[in-house]
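Undergrad: generate coordinates for the sequence data below:
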Amino acid sequence: MPTNWSPIIEACKRQDPAAQEQIYRGCYAGMIKVCLRYARGQADTASAIYNQAMLKVIGNIRQYSGKGAFEGWVRSIVVNTCIDHCRSKSGFSPDELHEANADLFPVIPETYNRISSREIMALIHELPGNTALVFNLFAMEGYKHEEIGRILGISAGTSKWHLNEARKLLKQKLDHLIKKENLANAI
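TA: All right, here's what the predicted structure looks like:
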């Protein structure tokens, strides 16, 4: 990403196609990763989400006030576009969800350090849709449960339940993966 977005943003506000392309290409490396997380690793879907998000960025560039980092403004549009995609794909039905105030799982044990980030992302992609969405918003994007609830139209308690469910499922999957690795190493 360029370090000084100001001249590019100003040119984009004047509908300069070269500036629009610079924004599209300049944001790609960082923002496509966000899209891939929500698209569960499906490159075509992630590209479609990214394209839709960038249309929103370029179409609403006049709304960027210059306060705060441009990358943060773009990221919020990308994340919201990802959320819209997840909603349209599977729908989010709070009535079917359970609320629980279960304790959060403890920090992952030292043995989990052997697992690569690629393997962890693959496990996250296996989570059920709504649980994965809440997990991404909380763990990857840094949203609080109240914010997640407001965005998705659920209670903070339901958001906590989904996070806890994601952690429980990930722990089970990680334990299974480690057992498989230990068996392979023992042979």
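Undergrad: C-alpha from now on. contacts and neighbour counts both.
TA: Will do.
Undergrad: what's near enough to touch residue 52?
TA: residue 81 (C-alpha atoms under 8 Å, 6 or more residues apart in numbering).
Undergrad: residue 41 against residue 125, yeah?
TA: Yes - judged on C-alpha atoms under 8 Å, residue 41 makes contact with residue 125 at a distance of 6.9 Å.
Undergrad: point out where this structure drops to low pLDDT.
TA: 1-2, 90-115, 182-187 (pLDDT under 70).
Undergrad: so between residue 41 and residue 125, which is more surrounded?
TA: residue 125 (19 against 16; other C-alpha atoms under 10 Å).
Undergrad: now do the nearest residue to that one once chain neighbours are set aside against residue 23, distance only.
TA: Among residues not flanking residue 125 along the chain, residue 40 sits closest, at 4.7 Å (C-alpha to C-alpha, 6 or more residues apart in numbering). Distance of residue 40 to residue 23, given as C-alpha to C-alpha, to the nearest Å: 25 Å.
Undergrad: before we move on, back to that, please tell me how far the residue nearest to residue 125 sits from residue 74.
TA: The value you get for residue 40 to residue 74, if C-alpha to C-alpha is used, is 21 Å.
Undergrad: kindly report the same for residue 29.
TA: Counting by C-alpha to C-alpha, the gap from residue 29 to residue 74 is 13 Å.
Undergrad: of these two, who's got more company?
TA: residue 74 (21 against 11).
Undergrad: quick one, what contacts the more buried one?
TA: Residue 74 touches residue 57, counting by C-alpha under 8 Å, 6+ apart.
Undergrad: checking it next. Helix, strand or coil?
TA: Following DSSP: H, G, I helix; E, B strand; the rest coil, the label given to residue 74 is helix.
Undergrad: ok, now residue 83?
TA: helix.
Undergrad: number of residues surrounding it?
TA: 20.
Undergrad: in the chain, which helix has the most residues?
TA: helix 156-186 (DSSP state H).
Undergrad: packing partners of that one?
TA: helix 117-125, helix 129-135, helix 145-152 (3 or more C-alpha pairs under 8 Å, 6 or more residues apart in numbering; DSSP states H and E).
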